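Novice: Below are the sequence and a predicted model for it; my questions follow.
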Amino acid sequence: MSEAKTYNGSCFCGAVQFTMTGDPVGMGYCHCASCREWSASPVNGFTLWPPTAVKVTKGADNIGTYNKTPQSYRKWCKTCGGHVFTDHPPMGLIDVFAGVIKNFPFQAGIHVHYQETVLKIKDGVPKMRDVPKEMGGSGDLLPE
């Protein structure tokens with residue numbers, strides 16, 4: 001029997017640390033305006049995990065939360081302001097930002113909300129108008 005993989009992540013200053021165990025249920029890029037504005041970048045790399053796979057190991061009391069909508073509870077370090085993850089209660093998943101996971105083999109499987117993109121990416125990965133039908137979206141694909 002093999003042991004489940006464990007990955008470590010932290011905020012910018014290290015005051016908040018966490019682990020993810022196993023494999024994410026999905027990875028990709030989000031192009032929506034909310035993610036772009038929150039991440040201060042043209043696209044946001046995401047990894048989606050079941051809540052049971054994500055454990056805060058240091059600084060839980062140092063995590064701030066902001067939710068603009070009930071779909072996303074964005075979490076950050078109160079010391080450095082570094083973003084760490086977003087809880088998505090309607091999906092039952094936690095999005096740990098790909099850039100905060102140490103030595104993680106990120107491989108995007110999808111682009112979501114590509115109709116809002118400000119950075120066209122030609123990588124052969126499917127581009128969704130919004131999100132897959134299983135997640136409440138249209139499931140519509142857009143051309144690369």
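Specialist: Received the coordinates, thanks.

Novice: Okay, buried residues for the helix or strand bottoming out on mean pLDDT in the chain please.
Specialist: Ranked by mean pLDDT, DSSP states H and E, the weakest helix or strand in the chain is helix 33-39, scoring a mean of 92. Within helix 33-39, the residues that qualify as buried are 34-36, 38-39, counting by 16 or more other C-beta atoms under 10 Å. Placement of C-beta: from N, CA and C, glycine included.

Novice: Could you do stretch 79-86 as well?
Specialist: Applying 16+ other C-beta under 10 Å to stretch 79-86 flags 82-86 as buried.

Novice: Stretch 69-80 too?
Specialist: Within stretch 69-80, the residues scored as buried using 16+ other C-beta under 10 Å are 72-77.

Novice: CA atoms only: put that stretch into CSV for me.
Specialist: The C-alpha atoms that make up stretch 69-80 are tabulated as CSV, following Å, rounded to 0.1, in the frame of the first residue of the first chain:
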residue,chain,number,x,y,z
THR,A,69,-20.4,36.4,-3.1
PRO,A,70,-21.6,33.3,-1.3
GLN,A,71,-19.7,31.2,-3.9
SER,A,72,-16.2,32.2,-2.8
TYR,A,73,-14.7,32.8,0.6
ARG,A,74,-11.2,34.2,-0.2
LYS,A,75,-8.6,33.6,2.5
TRP,A,76,-5.3,35.5,3.1
CYS,A,77,-2.6,36.0,5.7
LYS,A,78,-3.3,38.9,8.0
THR,A,79,0.4,39.6,8.4
CYS,A,80,1.7,39.8,4.8
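
Novice: any weak-confidence spans in this protein?
Specialist: By pLDDT under 70, the weakly predicted segments of the chain are 1-2.

Novice: coming back round to it: okay, and which of the buried residues of stretch 69-80 map to strands?
Specialist: Judged by DSSP state E, the subset of the buried residues of stretch 69-80 located in strands is 72-77.

Novice: any idea which of these is closest to residue 124?
Specialist: Distance to residue 124 across those (C-beta to C-beta) is lowest for residue 72, with 28.0 Å.
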